[in-house]
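Asks: got a sequence here, can you build the structure:
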Amino acid sequence: MVSENNDAPSYASYILRHELLPLLLGEDEEMILYWAGKALARKHKDITEETLASWFQEAGWGTLELQQEKRKEKTYLLHPPAVDPARPFSLEAGFLAQTAEHDKEMLAEATYVIKKKKPVTVEIKVQWDRKDIVTRNEDEQA
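Replies: As a prediction, the model looks like this:
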């Protein structure tokens, strides 16, 4: 399944994400993608809640909406551009977890549920623990 605009970069991204990575990563794909998402967010630590949705759009990950924010969690709804409901969305979940961890300075984790009702969406819940404070080293604070 290819995105609706059918352009070459989208198709290349689709092939990489939905065909090549599963072959290379095998049964560890979901876990590796989650940690890759966290690592990617650490590289892009300038992303804020205000710029998160546009970053997701530019990355080709789809439309991201903040659905709900509570004291210890945020719930996002992702409308991916191309959906294979059997594919993991752990890359996006890991990215959101690390972004929240950087923002809140608390250990954060994310889980997701694929809503298969048309149109297919992905609900990503990010939770943090106020007891697990994350201290940034001086390089990260700059």
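Asks: for this protein, give me the ranges with low pLDDT.
Replies: 1-9, 137-142 (pLDDT under 70).
Asks: where do the helices sit along it?
Replies: Under the criterion DSSP state H, helices of the chain are mapped to 8-15, 21-25, 29-43, 49-59, 90-104, 138-141.
Asks: of all the ones you listed, which lies closest to Lys117?
Replies: Nearest to Lys117 among the helices of the chain is helix 90-104 (19.1 Å), distances taken as CB to CB. For every residue, glycine as well, the C-beta is placed using N, CA and C.
Asks: name the helices or strands packed onto that closest one?
Replies: Counting contacts by 3 or more CB pairs under 8 Å, 6 or more residues apart in numbering; DSSP states H and E, helix 90-104 is packed against helix 29-43, helix 49-59, strand 73-79, strand 106-115, strand 121-133.
Asks: so what touches it?
Replies: Applying CB atoms under 8 Å, 6 or more residues apart in numbering, the contact partners of helix 90-104 are 30-31, 33-42, 45, 47-49, 52, 56, 61, 74, 76, 78, 107-112, 122, 124, 126, 128, 134.
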